[in-house]
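> Quick one, fold the following:
(2 chains)
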Number of protein chains: 2
Amino acid sequence: MSKRALDVTREKSFPDWYQAVVRDGDMAETSPVRGCMIIKPWGWGVWERIQAELDQRIKDTGHDNCYFPLFIPMSFIAKEAEHVEGFAKEMAVVTHHRLKNVGGKLELDPTAKLEEPLIVRPTSETIIGDAFQRWVKSYRDLPLLVNQWANVVRWEMRTRLFLRTAEFLWQEGHTAHADRDDAMAETLKMLEVYREFAENVLAMPVIAGEKPANERFPGADNTYSIEAMMQDGKALQAGTSHYLGTHFAQAQNIQYQSAAGQLEYCHTTSWGVSTRLIGGVIMTHGDDDGLRLPPAIAPRQVVIVPMLRDKPEDAELKDYCIALEKELKAQGIRTLVDVKPTKSAEKRWGWVRRGAPVIVEIGGRDASGGNVTFMRRDKLRDGDKAISKTMSRAEFVAGAAALLADIQAQLFAEAKARLDANIISGIKTFDELADYFGQAEADDEGGAFKGWAEVAWSRPEGAELEAIADRLKAMKLTIRNAPMAQKAIDRPCLFTGGPAKEMVLIARAY
Amino acid sequence: MSKRALDVTREKSFPDWYQAVVRDGDMAETSPVRGCMIIKPWGWGVWERIQAELDQRIKDTGHDNCYFPLFIPMSFIAKEAEHVEGFAKEMAVVTHHRLKNVGGKLELDPTAKLEEPLIVRPTSETIIGDAFQRWVKSYRDLPLLVNQWANVVRWEMRTRLFLRTAEFLWQEGHTAHADRDDAMAETLKMLEVYREFAENVLAMPVIAGEKPANERFPGADNTYSIEAMMQDGKALQAGTSHYLGTHFAQAQNIQYQSAAGQLEYCHTTSWGVSTRLIGGVIMTHGDDDGLRLPPAIAPRQVVIVPMLRDKPEDAELKDYCIALEKELKAQGIRTLVDVKPTKSAEKRWGWVRRGAPVIVEIGGRDASGGNVTFMRRDKLRDGDKAISKTMSRAEFVAGAAALLADIQAQLFAEAKARLDANIISGIKTFDELADYFGQAEADDEGGAFKGWAEVAWSRPEGAELEAIADRLKAMKLTIRNAPMAQKAIDRPCLFTGGPAKEMVLIARAY
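So this is what the prediction gives:
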């Protein structure tokens, strides 16, 4: 097998490959705190781009950013727990506010025990709902549209960088509306914002749809998601949008006086995406040489490596590179000249692993000839050979923006073709489903690629739905969503044999 | 007394006035969680502008942003405590990771007690130091320059919105260097970044200088600060930059191999500013009508209020306002047309209280005449009368950027004149100092305006310094810093009578 920039391939072990991309791409690392990650500069740069792009969309749709406390009183959670079945209880609990030095050893100070424990927010529905209850008085205050960017903590037992960590970063939108129609319109609007953002910015094709009842957010009337297909065939839930009915409004007394003078409960929504998206980008676009970043979220879109030789000519070479950088920056292209004191081949492969969209290498001959030699990360190799191209500097500079746009489009097209080709629609019976997916391996990792099955179902509820979920679970499968774009239904329900109401997607998932 | 937009004046009660500005300016509110605040959209918008402006400066000086965990293992804090005298122990401690439902009541699950308690970061020196210890191997890895934007928690007993809250938001820079010179240059570079940022962006004049030994950050060799004068004469420490020597490097084993092959400890620095800056902006620029925001950090620089009358002409009026907004936005001016369904006079005074730099009111006559009527928030009144000015729309649009620049400059000039006029330099003895400041009121609030005293001192150390700090403390005074720009010293030390080494600033402070 040919030499690649990583020491493991996707085929050999997808989970190991993922870890290698995260590590060798300088994205993140595990921290000494269980389940928490350190996001390194390159990974953080990606998150900054994600934040900037999505924040603009959130503001353009009329939402204001706020900031609510990190801590939530336990009584708030208790109030919510009464209203919400399936309430998740794994969370970090603060019980003391002081340490004391006992004979040179730090210990909890028993005199500093909190009267009421505080919960590190796993999500902010309750603390924001409490503010809404104070802020909303009249129908004139509605809709109330807020968002926050924040860290949240959920005590996960089995963590994986970006995909599932105890602390993660996200945005959470929370809105209050006068009625169901307005709240539902908001829920679907944000689902569409997420779809457009995932596809146009992350170059990650997704299926937007509604989750089945058993996969709803606790307390939601309807939960919608965008689902992306990773290169191992698994689904990644990349964003959710919830219509919460009046459940939270009732639990927290969020009421308004209507134009007619009646006191009414608000209808609320919430929606969020997290640093998990970065995991999705890695597993959508990465290859056996490392990460491939869509230009829209690459912290540096063009990286210029001068082939320095510790000789007097180096100064001239650097000047040439800096002039090129300046021309690219003038077009708003995020550019870096890498002058670190390491070998240029090492630098080149470092940027390949980090997934910089365009890697330019300038040697003495390029500089004296007024040329630029570059590689596009999305089309790095022809067989085993890395492809580089040389053109005049003027031509390169003139075409750079179009080149980046093309890379963005190519990455999307490649992922879209994979998604489209791997949604199997011919499965009509549970036996066929079992045949297709087979038994999951013991640890659910590194199995052969399996796409998603699109099957018809009758949208069963209650115990019937539970039983179906259990049968699927035995094969490590879940219903991902019922796509918003529904095809004609030409068959009965795969599970019950009864008349089908819609098509749903079934897959293994992260 | 004339009617103002707030129901309390600075003169009557500065602390009450501050609360009123925060509340009526829609900046923040207290939350149900002790000591934590909710930052409302307008306040958050100010923080977003502060972040954007400062972040650019941090990046321009070569720093990379990262993200480190919220939690710190108690053992890290213990290790630091061994190396640091005066270690602060008031912090939020996580001891459990699960709640359980016992007969309908939520309780701590005793089976989910953490083996080692986790501390919610009060600052990240130790967790970042631990990463540095892994990241730094050779002199080639230095300097290592990182920054993070994060929430931190310090269990404060007496809190005030923005100025002192249990949870606050900040940036913390952490850097590692090969030697003292490089680390000290970094420390002073960031101090200068803060000074320039405070003065040019916040329009808040500051004195940059070095803190006396008793006011150093625990573990620092040198601590520098920028100090701003509030309108009650008190000093606000608005940013700090620390040279940490090799203390943290020794505690955490941050070592590098030098070019000569020796293993050496790094010299580290840290520096930060926080949401406290917003309190500084309020107390520097606010007046009895509310907040006055420097245009550089105003979420909306121009707010347009159409004087709607629920008549058919309203549509035309709105169109006129939207066209004006578009012309201003095309110049990059942050503009809003306020079409909320409330009375225009109410809206006008709402924007006065929020401190929007330019408030435009458009009535039918303005629209039909192609005019714009506006108020500048920095020069709102002539005596008791609010001043508005009318000019042609073309003239207003053409001059808008210059108008905003002038407001920014005026706010700075006003605050600078106050600072310059209120640093008293004639005080030569402790008795004169005591005479000038008098006894502090019982609760240190709302005393008559007192500026700062610039006095000569011999830079005493140890017990002598402690004794001086105690004498000052009895008058609720502290030494703020020794300004970087030192005047000639023409007198002996105010405290010891010995030869003076430098001038220091003494003041009451937040």
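> For the helix of greatest length in chain A, which helices and strands make contact with it?
With DSSP state H setting the assignment, residue counts place helix A:393-421 as the longest helix in chain A. Counting contacts by 3 or more CB pairs under 8 Å, 6 or more residues apart in numbering or on different chains; DSSP states H and E, helix A:393-421 is packed against strand A:222-229, helix A:276-285, helix A:314-329, strand A:358-362, strand A:371-376. C-betas here are computed from N, CA, C, even on glycine.
> To chain B, which of the ones you listed lies closest?
Closest approach to chain B among the helices and strands packed on helix A:393-421 (CB to the nearest CB): helix A:276-285, 11.5 Å.
> Quick check: can you list the domain ranges of chain A?
Listed by automatic domain parsing, the domain ranges of chain A are A:14-285, A:300-410, A:423-507.
> If you average pLDDT over each of these, which is lowest?
Lowest mean pLDDT of these: domain A:423-507, a mean of 90.
> Pull the distance from it to the chain's centre.
On the basis of CA atoms, centre = their mean, to the nearest Å, domain A:423-507 sits 24 Å off its chain's mean C-alpha point.
> Stretch A:268-286 now?
1 Å.
> Just the CA trace of it, in PDB.
Provided in PDB are the C-alpha atoms of stretch A:268-286 (Å, rounded to 0.1, in the frame of the first residue of the first chain):
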ATOM      1  CA  THR A 268     -41.800  28.000  22.800                       C
ATOM      2  CA  THR A 269     -39.000  26.600  20.600                       C
ATOM      3  CA  SER A 270     -35.400  25.800  21.000                       C
ATOM      4  CA  TRP A 271     -32.700  24.800  18.500                       C
ATOM      5  CA  GLY A 272     -29.000  24.200  18.600                       C
ATOM      6  CA  VAL A 273     -25.800  23.000  17.000                       C
ATOM      7  CA  SER A 274     -22.500  22.300  18.700                       C
ATOM      8  CA  THR A 275     -18.800  21.600  18.300                       C
ATOM      9  CA  ARG A 276     -20.000  18.200  17.200                       C
ATOM     10  CA  LEU A 277     -20.300  19.800  13.700                       C
ATOM     11  CA  ILE A 278     -16.500  19.700  13.600                       C
ATOM     12  CA  GLY A 279     -16.500  16.000  14.000                       C
ATOM     13  CA  GLY A 280     -19.000  15.900  11.100                       C
ATOM     14  CA  VAL A 281     -16.800  17.900   8.900                       C
ATOM     15  CA  ILE A 282     -13.900  15.600   9.600                       C
ATOM     16  CA  MET A 283     -15.800  12.400   8.900                       C
ATOM     17  CA  THR A 284     -17.400  13.900   5.800                       C
ATOM     18  CA  HIS A 285     -14.400  15.400   4.100                       C
ATOM     19  CA  GLY A 286     -11.300  13.700   5.600                       C
END
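> related to what we said a few turns ago, would you mind giving the orientation angle of the longest helix of chain A with respect to strand A:358-362?
Using axes from the mean of the first three to the mean of the last three CA atoms, to 10 degrees, the direction of helix A:393-421 lies 150 degrees away from that of strand A:358-362.
> Would you mind listing the buried residues in helix A:393-421?
A:393, A:396-397, A:400, A:403-404, A:406-408, A:410-412, A:414-416, A:418-419 (16 or more other CB atoms under 10 Å in any protein chain shown).
> ok, which stretches of the stretch 101-250 of chain A are helices?
Along the stretch 101-250 of chain A, counting by DSSP state H, counting those that start in this stretch, helices occupy A:125-135, A:180-200, A:247-252.
> and chain B, which of those helices is closest to it?
Closest among these, using CB to the nearest CB: helix A:125-135, at 5.8 Å.
> From the contact counts, what lies against the closest one?
helix A:74-83, strand A:144-153, strand A:167-177, helix A:247-252, strand A:267-274.
> on that earlier part again, please work out which of the domains of chain A is packed deepest.
Counting by mean count of other CB atoms under 10 Å in any protein chain shown, domain A:14-285 has the highest mean neighbour count of those, with a mean of 20.
> just the CA coordinates of stretch A:291-300, formatted as PDB?
The C-alpha trace of stretch A:291-300 is given here as PDB (Å, rounded to 0.1, in the frame of the first residue of the first chain):
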ATOM      1  CA  LEU A 291      -8.400  16.600   7.100                       C
ATOM      2  CA  ARG A 292      -9.800  18.400   4.000                       C
ATOM      3  CA  LEU A 293     -11.400  21.700   5.100                       C
ATOM      4  CA  PRO A 294     -14.000  23.500   3.000                       C
ATOM      5  CA  PRO A 295     -12.600  26.900   2.300                       C
ATOM      6  CA  ALA A 296     -15.600  28.600   4.000                       C
ATOM      7  CA  ILE A 297     -14.400  27.300   7.400                       C
ATOM      8  CA  ALA A 298     -10.700  27.000   6.900                       C
ATOM      9  CA  PRO A 299      -8.800  29.300   9.300                       C
ATOM     10  CA  ARG A 300      -6.300  29.700   6.500                       C
END
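> and the residue positioned nearest the centre of chain A, what is it in contact with?
Of all residues in chain A, the one closest to the mean position by CA atoms, centre = their mean is residue A:277, 1.4 Å from it. By CB atoms under 8 Å, 6 or more residues apart in numbering or on different chains, the residues touching residue A:277 are A:50, A:198, A:202, A:238-239.
> now do 10 Å
A:46-47, A:50, A:54, A:162, A:170, A:194, A:197-198, A:201-202, A:204, A:228, A:236, A:238-239, A:297 (CB atoms under 10 Å, 6 or more residues apart in numbering or on different chains).
> swap in residue A:41?
A:26-27, A:48, A:299, B:63-67, B:145-147.
> from those, which ones fall inside strands?
Mapping the contacts of residue A:41 onto strands (DSSP state E) picks out B:64-65, B:145-147.
> How about residue A:245: what's its closest non-neighbour residue?
Take residue A:245 and drop its neighbours on the chain: the residue closest to it by CB to CB, 6 or more residues apart in numbering or on different chains is residue A:221, 4.0 Å away.
> Please apply the same query to residue A:405.
Going by CB to CB, 6+ apart, residue A:405 has residue A:295 as its nearest residue, at 7.6 Å.
> now stretch A:385-405, how far from the centre of its chain.
Using CA atoms, centre = their mean, the offset of stretch A:385-405 from its chain centre is 30 Å.
> Leaving out sequence neighbours, find the closest residue to the closest residue to chain B within the stretch 351-500 of chain A.
Nearest residue of the stretch 351-500 of chain A to chain B, counting by CB to the nearest CB: residue A:354, 13.1 Å away. Closest residue in space to residue A:354, ignoring its immediate chain neighbours: residue A:25 at 4.9 Å, by CB to CB, 6+ apart.
> so what's the backbone phi/psi at that neighbour?
phi -90, psi 10 (degrees, to the nearest 10).
> What parts of the stretch 251-400 of chain A come near chain B?
A:275, A:299, A:340-342 (CB under 10 Å from any CB of the partner chain).
> could I get those residues as a markdown table with distance to residue B:334?
Putting these into a markdown table (distance: CB to CB, whole Å) gives the following:
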| residue | distance to residue B:334 |
| --- | --- |
| A:275 | 29 |
| A:299 | 26 |
| A:340 | 38 |
| A:341 | 43 |
| A:342 | 43 |
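> which one of these is nearest chain B?
So of these, ranked by how close each gets to chain B (CB to the nearest CB), first place is residue A:341, at 5.7 Å.
> so who does that closest one touch?
A:308, A:310, B:138-140.
> from these, which is closest to residue A:105?
Of all those, residue A:105 sits closest to residue B:138, with 35.8 Å by CB to CB.
> hang on, isn't the closest one packed against residue B:266?
No: using CB atoms under 10 Å, residue B:138 is not in contact with residue B:266, being 11.4 Å away.
> Quick check: the farthest pair among the ones in strands among the contacts of residue A:41?
Farthest pair in these (CB to CB) is B:65 and B:145. Separation: 10.4 Å.
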